[in-house]
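Peer 1: model the structure of this input:
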Amino acid sequence: MSTLQFDTAQWMQTLEGTELEMWAEALAQSVLTQGHALKHGHLANWEQAVSRLPSVTEANWSVQHGVVSVQGHFNSADQAVLHTALADLMPWRKGPFSFGPLLIDTEWRSDWKWDRIAPHLQPLTNRVVLDVGCGNGYHLWRIRHAGAALVLGIDPSLLYLQQFNALQHYARDAAVHLLPLPMEALPSPMHSFDTVFSMGVLYHRRDPQPHLQALRQALKPGGELVLETLIYPAPGDVSLAISDRYANMRNVYELPSITRLENWVNQAGFQQVQTLSSAPTSRLEQRSTAWMTTHSLDKALDPADETKTVEGYPRPHRAVLLASA
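Peer 2: Numbering: from 1, shown residues only. The predicted structure follows:
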């Protein structure tokens, strides 16, 4: 089993002169104290995959039709090495990405989520942004592309970190970072971020209030929260209690109605709470692909009644809220 090596000196240098400079040491210490969470039996293989990525001249990145894309001259030999290395980082869940001519068709069409949210956000130009539970960082790049000055993602998955490193191998963008941290390990209260995203995290919390309060404490006064989560599509201030699994997922405890979700956010001290959207997750937005070959949404729905999960609960339904700290 390998242990992730974290370069504190490089991290401190990276944040020098930024709005997060005063938190650089505390963030580094938070990573170093993760202990066993920095170990994984496949970590060495993932790191080797990233190290095998071919170098290309004049590499850069952009967003094209929702795809976070690396451009550069990849010859045929490069393309073969690239495909093998990136395949060793499967499964790819959030995206899409492309590396030269190679498209990574991910399980989630995360660009669709971005398209629903982006028109309603406060302008991200020159903002300092946190994405909690960011996965492999797809939305970090969308946030940066929208003009953010500094973007920090946190997610405890070491695989997602290596997928992020694969893109950063070419992008080399010193304003985009991913740390292997859960939310509870973030220094608090930071009050340092103009915008905080929490997408696909809240329903994994047994008690939602500590998470919501931690999000508020990460924000500057007046900063914007972007909250996306599973909900119970029912009227009134109600919740659906979950036992065992929900849509084949473990660690889902309670699905609130939109009214209850808004009440939770208000109780955490946020203001101007508004629901942007609410809709069932479609098979086109979440599905198995050649880059994520295990079971996806199709296997989580009752084959006889797709309005229900295989456990008999209402099918996944997601809402997006905005609020002000």
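
Peer 1: and Leu53, how far is that from Gly72?
Peer 2: 11 Å (CB to CB, to the nearest Å). C-betas here are computed from N, CA, C, even on glycine.

Peer 1: find residues that contact each of these two.
Peer 2: Tyr170 (CB atoms under 8 Å, 6 or more residues apart in numbering).

Peer 1: ok, the two, which is more surrounded?
Peer 2: More crowded of Leu53 and Gly72, by other CB atoms under 10 Å: Leu53, with 19 against 16.

Peer 1: quick one: that one and Asp88 touch, right?
Peer 2: No. Using CB atoms under 8 Å, Leu53 is not in contact with Asp88, being 10.5 Å away.

Peer 1: look up the closest residue to Gln162, ignoring the ones flanking it.
Peer 2: Nearest non-adjacent residue to Gln162, counting by CB to CB, 6 or more residues apart in numbering: Trp46, 4.0 Å away.

Peer 1: list the contacts for the one you found?
Peer 2: Counting by CB under 8 Å, 6+ apart, Trp46 has contacts His40, Asp88, Leu89, Leu158, Leu159, Gln162.

Peer 1: how about Ala44?
Peer 2: Contacts of Ala44 by CB under 8 Å, 6+ apart are Ser2.

Peer 1: try 10 Å
Peer 2: Counting by CB atoms under 10 Å, 6 or more residues apart in numbering, Ala44 touches Met1, Ser2, Thr3.

Peer 1: quick one: low-confidence parts of the protein?
Peer 2: By pLDDT under 70, the chain contains no weakly predicted segment.

Peer 1: top helix in it by residue count?
Peer 2: Longest helix of the chain, by residue count under DSSP state H: helix 158-171.

Peer 1: buried sites along stretch 297-316?
Peer 2: For stretch 297-316, the neighbour count (16 or more other CB atoms under 10 Å) marks Leu297, Ala300, Leu301, Thr309, Tyr313, Pro314, Arg315, Pro316 as buried.

Peer 1: apologies, that question was intended for stretch 271-288.
Peer 2: Across stretch 271-288, burial judged by 16+ other CB under 10 Å covers Val273, Thr275, Leu276, Thr281, Glu285, Gln286, Arg287, Ser288.

Peer 1: nearest to Leu82 among the residues you listed?
Peer 2: Leu82 lies nearest to Ser288 out of the buried residues of stretch 271-288, by CB to CB, at 22.3 Å.

Peer 1: for the closest one, which non-adjacent residue is spatially closest?
Peer 2: Closest to Ser288 by CB to CB, 6+ apart is Ser296, at 4.4 Å.

Peer 1: tally of neighbours for that neighbour?
Peer 2: Other residues near Ser296 number 18, with proximity taken as other CB under 10 Å.

Peer 1: which SS state does the residue nearest the centre of the chain fall under?
Peer 2: The centre of the chain sits closest to Cys134, judged by CA atoms, centre = their mean, with a distance of 1.9 Å. Here Cys134 takes the coil state, with states given by DSSP: H, G, I helix; E, B strand; the rest coil.

Peer 1: what about the longest strand that the chain contains, distance to the chain center?
Peer 2: If you go by DSSP state E, the chain has its longest strand at strand 219-230. Relative to its chain's centre, strand 219-230 lies at 14 Å (CA atoms, centre = their mean, to the nearest Å).
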